[in-house]
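K.L.:
okay, predicted coordinates and the sequence, questions at the end:
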Amino acid sequence: MHIPTIFDINLIQKDHYEIIDSKKIHHLKDVLRIKNGQLINLSDGQGNLYIGKFENNFIEIFESKNYKRTNEMKVFFPQLKNKNRLRFLIEKLTELCVSEILLAILNIRKIVMLTKEKLRVGLFLQ
């Protein structure tokens, strides 16, 4: 069974959490079809995960977990021409908890054409 997660950067550890945002309430009740008594995860984006039960626009928190990042992940990639692809890539890398995103701005593009002769001889002439 899938347990949905609510993200709130201003989340403070308490025994309950009130959902005030009407968009979140609509998404939980109408889109995800969450009923009273079902489990919900709450996250603050800092490694804290709270588990609770949904009850009439409140979440009663009964368990909390703290996750620490054990390694740093850095990603280096060339600049993409399409802005939408660049935004999508940055969004996905952020979701994967990448600690550093390095963007290369290159002025020179070079396409190497390999022929059978070059591969046989092992020479790569420019």
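P.N.:
Yep, it's here.
K.L.:
now the strands: where do they sit in this structure?
P.N.:
5-7, 16-18, 39-43, 48-55, 58-66, 74-78, 100-104 (DSSP state E).
K.L.:
list the buried ones in the fifth one?
P.N.:
By 16 or more other C-beta atoms under 10 Å, the buried positions in strand 58-66 come out as I59, I61. Just so you know, the C-beta spots here come from the backbone N, C-alpha and C atoms, and that holds for glycine as well.
K.L.:
looking at the protein, which helix is longest?
P.N.:
Looking across the chain with DSSP state H, the single longest helix is helix 83-95.
K.L.:
shaky segments in the protein?
P.N.:
1, 69, 106-112, 114, 118-126 (pLDDT under 70).
K.L.:
gap between the residue most central in space within it and L89?
P.N.:
The structure's the chain has its C-alpha centroid closest to E95; by C-alpha atoms, centre = their mean the separation is 1.5 Å. In this view, E95 and L89 are 11 Å apart by C-beta to C-beta, to the nearest Å.
K.L.:
save the strands of the chain as a markdown table, and put in distance to L32 too.
P.N.:
Formatted as a markdown table, the strands of the chain follow (distance: least, C-beta to C-beta, whole Å):
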| stretch | distance to L32 |
| --- | --- |
| strand 5-7 | 10 |
| strand 16-18 | 16 |
| strand 39-43 | 10 |
| strand 48-55 | 10 |
| strand 58-66 | 14 |
| strand 74-78 | 31 |
| strand 100-104 | 30 |
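K.L.:
tell me which of these sits nearest to K24.
P.N.:
Closest to K24 of these, according to C-beta to C-beta: strand 5-7, at 6.4 Å.
K.L.:
pull out the buried residues from the closest one.
P.N.:
Those would be I6, for strand 5-7 by 16+ other C-beta under 10 Å.
K.L.:
list the neighbouring strands of that strand plus their orientation.
P.N.:
strand 39-43 (parallel) (DSSP bridges).
K.L.:
for the longest helix of the chain, name the packing helices and strands.
P.N.:
strand 100-104 (3 or more C-beta pairs under 8 Å, 6 or more residues apart in numbering; DSSP states H and E).
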